[in-house]
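Undergrad: Requesting a structural model of the entry that follows:
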Amino acid sequence: MKKNIHALMNSLPDEVISHIKHLERMRQDFVANVSHELRTPLTVIHGYLETLIEKAHDDTRPWKNIFLQMQSQTIRMEHLVEDLLLLSHLENEDEQAMLDSCIAIDPLLKMIVHEARELSNESNHHIELKTDSSLLLLGNEKELRGVFSNIIFNAVKYTPGGGHIWIHWFLENQQAHFQVKDTGIGIAKKHIPRLTERFYRVDRGRSRDKGGTGLGLAITKHVLIRHQAKLEISSEIGVGSIFECIFPIKRTVIK
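TA: Numbers count the residues shown, from 1 in each chain. This is a model prediction of the structure:
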């Protein structure tokens, strides 16, 4: 598919290609600007709701549950704005963050797994971590932390209580692999090719209940592209899923 798109683009006149790029930049700028402008009013609304909830008087106490629901939706909108801004940043070719920091993946994953266990809480997931501590990665730590967190936290959210989650960081076939395997609810094969599309949801109601923005895997895809890596997904309904990020050997460092 990508080869066909590149071939089509190369066959178009220069002025058409320039116009397409101009429209794409306008779209990116529009999304970034709207998202940025939404930040301030959402912050103000969130602040007032916190005050109303924390300092409820007799005349406002009956409204507390409504205020809590409003606050929950405001927080969800704030997360959505932040994800849209991040995605816009990642798409902007002129904004190339440093991608050559040497990152120790072992302690990074240990921190994320600690957070995942807190997220699991009373669900009592069995989370196992196995890493090659000598295998380091060249990249942007903040971006990669977001990728690893998103995949691990999704495994927690979509694995029933008492289920198993295995997290593995290893070197194989001259490539570095970050793999998360779970015994979750699984995903039908027809959905897998579209999972990295913006706002694509397998089950819209369930995804919203879990607090997702619908942009996590789209952001993951763009971060991996920036790191010359790829995402592979396999899943079976009622059995579980495997999400695997595969990095080229040129991005690895052996300690």
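Undergrad: Identify the spatial nearest neighbour of the most centrally placed residue in the chain, chain neighbours not counted.
TA: Closest to where the C-alpha atoms of the chain average out (CA atoms, centre = their mean) is Gly216, at 2.8 Å. Spatial nearest neighbour of Gly216, chain neighbours left out: Asn150 (4.4 Å); criterion: CB to CB, 6 or more residues apart in numbering. For the C-beta atoms, the positions are set from N, CA and C on the backbone; glycine is no exception.
Undergrad: Likewise for Glu128?
TA: Counting by CB to CB, 6+ apart, Trp166 is the residue found nearest to Glu128 once chain neighbours are left out, at 5.0 Å.
Undergrad: Quick check: bridge partners of that neighbour?
TA: Listed by DSSP bridges, the beta-bridge partners for Trp166 are Glu128, Lys181.
Undergrad: got any ranges where the chain has weak pLDDT?
TA: Applying pLDDT under 70 to the chain picks out residues 1-32, 35, 56, 58, 92-97, 204-211.
Undergrad: repeat that with 80
TA: Scanning the chain for pLDDT under 80 picks out 1-39, 55-62, 79, 83, 86-98, 203-213.
Undergrad: Okay, strands next: where are they in it?
TA: Secondary structure of the chain (DSSP state E): strands located at 101-104, 126-131, 135-139, 164-172, 175-182, 230-236, 240-248, 252-254.
Undergrad: quick one on the thing from earlier: return the residues in contact with the residue nearest to Gly216.
TA: Taking CB atoms under 8 Å, 6 or more residues apart in numbering as the criterion, Asn150 is in contact with Gly216, Leu217, Ile219, Thr220.
Undergrad: Now for the residues you listed, which sits with the most neighbours around it?
TA: The most crowded member of these, judged by other CB atoms under 10 Å, is Thr220 (24 neighbours).
Undergrad: Quick check: that one touching Ile151?
TA: Yes. Here Thr220 reaches Ile151: they are 6.9 Å apart, a contact under CB atoms under 8 Å.
Undergrad: what's the burial count for Val34?
TA: Using other CB under 10 Å, Val34 has 13 other residues around it.
Undergrad: for the one 10 residues further on, same thing?
TA: Val44 has 11 neighbours, counted by other CB under 10 Å.
Undergrad: likewise the one 4 residues further on?
TA: Counted with other CB under 10 Å, residues neighbouring Tyr48 total 14.
Undergrad: Identify the spatial nearest neighbour of His126, chain neighbours not counted.
TA: With CB to CB, 6+ apart as the criterion, His126 has its nearest non-adjacent residue at 4.7 Å, and that residue is His164.
Undergrad: Could you check how far the one you found is from His114?
TA: Separation of His164 from His114 (CB to CB, to the nearest Å) stands at 18 Å.
Undergrad: Look at those two and report which has more neighbours.
TA: His164 (15 against 12).
Undergrad: mind listing what that one touches?
TA: His125, His126, Ile127, Glu128, Asp182, Thr183.
Undergrad: Then Arg198?
TA: With CB under 8 Å, 6+ apart as the criterion, the residues that contact Arg198 are Leu87, Gly214, Leu215, Ala218.
Undergrad: likewise Leu90?
TA: Shown in contact with Leu90 (CB under 8 Å, 6+ apart): Glu143, Ile219, His222, Val223, Arg226.
Undergrad: got the residue ranges for the helices in the stretch 51-200 of the chain?
TA: Here the stretch 51-200 of the chain has its helices, by DSSP state H, counting those that start in this stretch, at 64-91, 105-120, 141-157.
Undergrad: I figured the residue nearest to the centre of the chain was touching Asp83, is that so?
TA: Yes. The criterion here is CB under 8 Å, and Gly216 meets it with Asp83 at 7.4 Å.
Undergrad: Sounds good, over and out.
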